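Enquirer: below is the structure, and that's it, no one-letter string:
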């Protein structure tokens, strides 16, 4: 599930507003024409917008590309009007997950705008924001944070500290900090974004519901499930009241609430909410929309957790078919669906099939996102678990170490995903009877998770259990017993 709600339409509105500003006449650096954009180019951009609204991004890219060529021919390659086409194209390329191309387009737009308007103009902030979005999708969060912070500084200076655009950038900056496991920085940014939106829009606006949803996800990650549930329910109440009970945004919140109840082991609630989310999406979006595939996959994982594999399997297959039809076989979303189906076969104990799906997922992720993306690390981690189960410890160790290196580089050494791999690697060494490395790995994993998630998070229990097994196998029962007890208390 793409759990983070973000106002893509806000970014789009900024681009359209940016375009409109050119027609009103902007104060640009000397040497730039302020003539209106040719009618043909405007018509093509409008048509591209229409196609994008229908999800026909490839066609939209071709149409807007023609508008770009027209404007380049008339004004030259470095005119501000050209930068608007570049921004719109970057938006469309992000929609088809071609983030590298989006970076190239936004980078060129940024250089044009900085020459035309200077480095502190509000239009420069729009492109910085767009560029940060693309780097975030490529998991280059360090660069994304830097760009968001620069965009935020410009927006606060030119628009004031309580502007809606400031709230949107705060939201995405928080998301980037969360992605690298810096939850202490993410939380106040989410809260500030929420405060601005409540002040401007009132407490019952759908955009406020979005902020509540994002904050709820953070609390879920931190293991504060009661606070997460409270925020989800308030977000849901606002969404249902403002948008109606059958709106796709409501389906998103229901889907996230499903995830919370799955984590809590309340599968009857999870199933009920997931079915409602699916029904809304099928009615609003049609049977072949990617969001349908997401809801179907969520329902499959509920049945999987309940051990009802006969219901789960056809849902996994349907989800996979929808993603393939919507995105093709080389898209990261299809890779994620393959990874999920691999997990299904792993739960069944069919390690041969699981391995096939994990390998396909890995190949797609490496091609689409590059060899150093966290999604690649995820597939490697999944494959490692298969090889551990099969007793191929040498191959499992090699892949765990590769996954660990990727995640440490992409997310930083103190991210919970790094802690998870450290704990898995410790489990592998316990299976091999190689206890010399277990204590160091468990203690490092424990330190990361206690700092990021707090001492009572469920992930802590699994690490404590491995550490207790280590002490037990070493005959140090006085250390093992309290760790087992603490692990049981948390779970």
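Expert: It's in. Because the structure is predicted, anything quoted here is derived from the model rather than measured.
Enquirer: next, the buried residues of the helix or strand where residue 304 lies.
Expert: Residue 304 belongs to helix 290-305 when assigned by DSSP states H and E. Under the neighbour-count criterion of 16 or more other CB atoms under 10 Å, helix 290-305 has 290-304 buried. In this view, the C-beta of every residue, glycine as well, is placed from N, C-alpha and C.
Enquirer: now, which of the residues you listed sits nearest residue 164?
Expert: Closest to residue 164 out of the buried residues of helix 290-305 is residue 291 (25.3 Å), distances taken as CB to CB.
Enquirer: excluding chain neighbours, what is closest to the closest one?
Expert: In space, residue 291 comes closest to residue 281 once its chain neighbours are excluded; the distance is 5.0 Å by CB to CB, 6 or more residues apart in numbering.
Enquirer: and for residue 233?
Expert: Counting by CB to CB, 6+ apart, residue 257 is the residue found nearest to residue 233 once chain neighbours are left out, at 7.7 Å.
Enquirer: which residues belonging to stretch 226-235 are considered buried?
Expert: 228-229, 231-232, 234-235.
Enquirer: quick check: strands, which of those residues are part of them?
Expert: Using DSSP state E, no member of the buried residues of stretch 226-235 sits in strands.
Enquirer: which residue ranges form the helices in the stretch 101-250 of the chain?
Expert: Along the stretch 101-250 of the chain, the segments classed as helices by DSSP state H, counting those that start in this stretch run 122-137, 141-159, 164-179, 183-201, 206-221, 225-243, 248-264.
Enquirer: in CSV, list the ones you listed along with distance to residue 97 and mean pLDDT.
Expert: Output for the helices of the stretch 101-250 of the chain, formatted as CSV (distance: least, CB to CB, whole Å; pLDDT from 0 to 100):
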stretch, distance to residue 97, mean pLDDT
helix 122-137, 7, 94
helix 141-159, 16, 96
helix 164-179, 17, 94
helix 183-201, 24, 96
helix 206-221, 22, 94
helix 225-243, 27, 96
helix 248-264, 19, 92
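Enquirer: so which of these gets nearest residue 333?
Expert: The minimum distance between residue 333 and the helices of the stretch 101-250 of the chain falls on helix 122-137, with 12.0 Å, by CB to CB.
Enquirer: what about residue 57, how many residues close to it?
Expert: Residues lying near residue 57 (other CB atoms under 10 Å) number 19.
Enquirer: what's the answer for residue 312, then?
Expert: 23.
Enquirer: how about it, nearest residue that isn't a chain neighbour?
Expert: Residue 312 sits nearest to residue 303 (CB to CB, 6+ apart), 4.0 Å away.
Enquirer: rewinding a little: out of the buried residues of stretch 226-235, which comes closest to residue 456?
Expert: Within the buried residues of stretch 226-235, the smallest distance to residue 456 is 14.3 Å, found for residue 228 (CB to CB).
Enquirer: from residue 360, how far out is that closest one?
Expert: Look at residue 228 and residue 360: by CB to CB, to the nearest Å, they are 33 Å apart.
Enquirer: likewise for residue 461?
Expert: Here residue 461 is placed at a distance of 33 Å from residue 360 (CB to CB).
Enquirer: do the same with residue 84
Expert: The gap separating residue 84 from residue 360 is 39 Å, by CB to CB.
Enquirer: pick out whichever of the two has more residues nearby.
Expert: Neighbour count, other CB under 10 Å: between residue 84 and residue 360, residue 84 has more, with 29 against 18.
Enquirer: so which strand or helix has the more buried one?
Expert: helix 80-95.
Enquirer: elements contacting that helix?
Expert: Judged by 3 or more CB pairs under 8 Å, 6 or more residues apart in numbering; DSSP states H and E, the packing partners of helix 80-95 are helix 8-24, helix 39-53, helix 57-75, helix 99-117, helix 122-137.
Enquirer: got the angle for it vs helix 122-137?
Expert: 20 degrees (axes from the mean of the first three to the mean of the last three CA atoms, to 10 degrees).
Enquirer: buried ones in whichever helix or strand residue 471 is part of?
Expert: Here residue 471 is covered by helix 458-473, with elements defined by DSSP H and E. By 16+ other CB under 10 Å, the buried positions in helix 458-473 come out as 459-471.
Enquirer: picking up where we left off before, can I get the helices and strands packed on helix 80-95 in JSON lines with distance to residue 391?
Expert: As requested, these are exported to JSON lines (distance: least, CB to CB, whole Å):
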{"stretch": "helix 8-24", "distance to residue 391": "47"}
{"stretch": "helix 39-53", "distance to residue 391": "50"}
{"stretch": "helix 57-75", "distance to residue 391": "46"}
{"stretch": "helix 99-117", "distance to residue 391": "39"}
{"stretch": "helix 122-137", "distance to residue 391": "38"}
